[in-house]
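Undergrad: just to be clear, the model below is a prediction. Sequence and coordinates:
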Amino acid sequence: MGNVHPAIASLHPDARLVATTPTDANVFFGFHDITPWSPDGEKLLCLRLDPEWQTLADSGGVADICVWEPAKGRLGRVGKTSCWNFQQAARQQWLIDGSDRFTFNSCDASGSCIATVANNDGSEGGSFEGGLYALCPDGVSAISPDFDVLADRWPAYGYRILRGSSASKTADQVGLWRTDLYSGERKLLISLATVLAGWQGTDSADGHFLTHPVFSPDGNRLVFLHRFFAADGGSYTRMLCCQSDGSNLRVLADEKVSHFDWVDSNTLLAWARFTGGGLAQARASGALNAPLIRPLLNLVRKFSGRWKKRMLAEAYYSLAADGSGARQKVGWPALDQDGHPMVARAHDWVVTDTYPDASGFLTLILWNRHTGQRIDVARFKDGVTTDDSDAKCDLHPRWNRDETQIAVDYCVGGLRGIAVIDVSDLVGAKT
């Protein structure tokens, strides 16, 4: 197929580019775990930034919350926020009540994080203390990490304006918070202290944080990550799961877990590493930071490829959410690198992506969970012009409501945009 867009190097002949956002500003959505589409499927939420904003330092500015209507070629501002980042934007998302209302994180007059509720016309309809991250499918509650803790301990996923505000908080004062969307009541569901209790990796909570909480499709379970950055420069991650009331806390994976999604309410798909615990314990104890080990570790990090992932048992895994430890490697070797998966419910296809390859291209992928078939939908040029890795532009593919179209973020010449691609023919569902 010919050059359909400057960002797209190739497009599958059975896929169709539906629309792209205007090119006079940075426009993007962010993460891959929520859909940007409105309940009626006509509008998409997004953020709009000044064209010059391209590094994490720029995330202290005020961004526009916008509604994009591809069919009408219209993108209009409906709000503004100073609580945003390049990876997850402002967690703008439509409420699960079938209305035209949505929520996004912002700051109140005192400088604290809140979640603002807005209508399609931009009029505000209340707020929630502490901000919101993930909405429960029952539409009654939501879950959130401490965004100020993230700002201090993982700046790429926190909000720059909140930096320095969590310094006095202890491990029993931070964690995951549950918000009642009707009463507004907010309570600490799981504390960092609870997660660290009984874990032999550290005697200190310094630098540790909880992040990426997501409800299961039936709303009965909650999965999240416990993470910190070790002295050797690598990250250490545990995936934990509990009931939605915080009970029955159990560890599903230990050492490395990156991107994941629920397959069903009992099973997760996650990119993870399982090495028997030795490497994990060495990292947690600080042994990998020893003077003789650190240079070797840095050398290993420079290598890539399938052999390295095979040696480290790094791959996509199907994980049982019941804490039984049941797991199975899936997708290998069709899916041989980390990406950002979103599992469809209406059919058997998972959409995911890759990071830029050696030639600077990112691939948009469909993978069938039952047949193992992989389809490369499109290849995008990596147009990020900054060396700031916290401002990278991943595709972060997201399904629309009927799971026939995919929205991705892209970048051309340092300017971000959103592309919508129709894959209904590829997944066997006609629009």
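TA: Received the coordinates, thanks. Numbers count the residues shown, from 1 in each chain.

Undergrad: how about residue 127: what's its closest non-neighbour residue?
TA: residue 114 (4.5 Å; CB to CB, 6 or more residues apart in numbering). All C-beta atoms are positioned from the backbone trio N, CA, C, and that covers glycine.

Undergrad: that neighbour contacts residue 124, doesn't it?
TA: No: contact criterion CB atoms under 8 Å: residue 114 and residue 124 do not qualify, at 10.8 Å.

Undergrad: so between these two, which is more surrounded?
TA: Each of residue 114 and residue 124 has its neighbours counted (other CB atoms under 10 Å); residue 114 has more, 22 against 12.

Undergrad: what about the more buried one, which SS state?
TA: The three-state label given to residue 114 by DSSP: H, G, I helix; E, B strand; the rest coil is strand.

Undergrad: any idea how far it is from residue 159?
TA: Residue 114 sits 11 Å away from residue 159, going by CB to CB, to the nearest Å.

Undergrad: what touches both of those two?
TA: Common neighbours of residue 114 and residue 159, counting by CB atoms under 8 Å, 6 or more residues apart in numbering, are residue 105.

Undergrad: need the three-state assignment for residue 377.
TA: Assignment for residue 377 (three-state DSSP): strand.

Undergrad: find the nearest non-adjacent residue to it, please.
TA: In space, residue 377 is closest to residue 364, 4.4 Å off (CB to CB, 6+ apart).

Undergrad: count the residues that sit near that neighbour.
TA: When neighbours are defined as other CB under 10 Å, residue 364 has 27 of them.

Undergrad: how much space separates it from residue 342?
TA: From residue 364 to residue 342 the distance is 11 Å (CB to CB).

Undergrad: tell me, how many residues neighbour the closest residue to residue 52 other than its chain neighbours?
TA: Leaving aside its sequence neighbours, residue 52 sits nearest to residue 58 (CB to CB, 6+ apart; 7.5 Å). For residue 58, the neighbour count with other CB under 10 Å is 18.

Undergrad: show the backbone phi and psi for residue 58.
TA: phi -80, psi -10 (degrees, to the nearest 10).

Undergrad: confidence score at it?
TA: Listed pLDDT for residue 58 reads 95.

Undergrad: in contact with it, which residues?
TA: 49, 50, 52, 391.

Undergrad: please flag which of the residues you listed sit within strands.
TA: residue 49 (DSSP state E).

Undergrad: and the contacts of residue 58, which are buried?
TA: 49, 391 (16 or more other CB atoms under 10 Å).

Undergrad: just the helices in the protein please.
TA: Applying DSSP state H to the chain gives helices spanning 147-153, 192-196, 278-285, 294-301, 306-311, 424-427.

Undergrad: number of residues surrounding the closest residue to residue 84 other than its chain neighbours?
TA: Distances taken as CB to CB, 6+ apart place residue 90 nearest to residue 84, at 4.3 Å, with adjacent residues excluded. For residue 90, the neighbour count with other CB under 10 Å is 25.

Undergrad: in contact with residue 90, which residues?
TA: Counting by CB under 8 Å, 6+ apart, residue 90 touches 30, 47, 63, 65, 81, 83, 84, 104, 105, 106.
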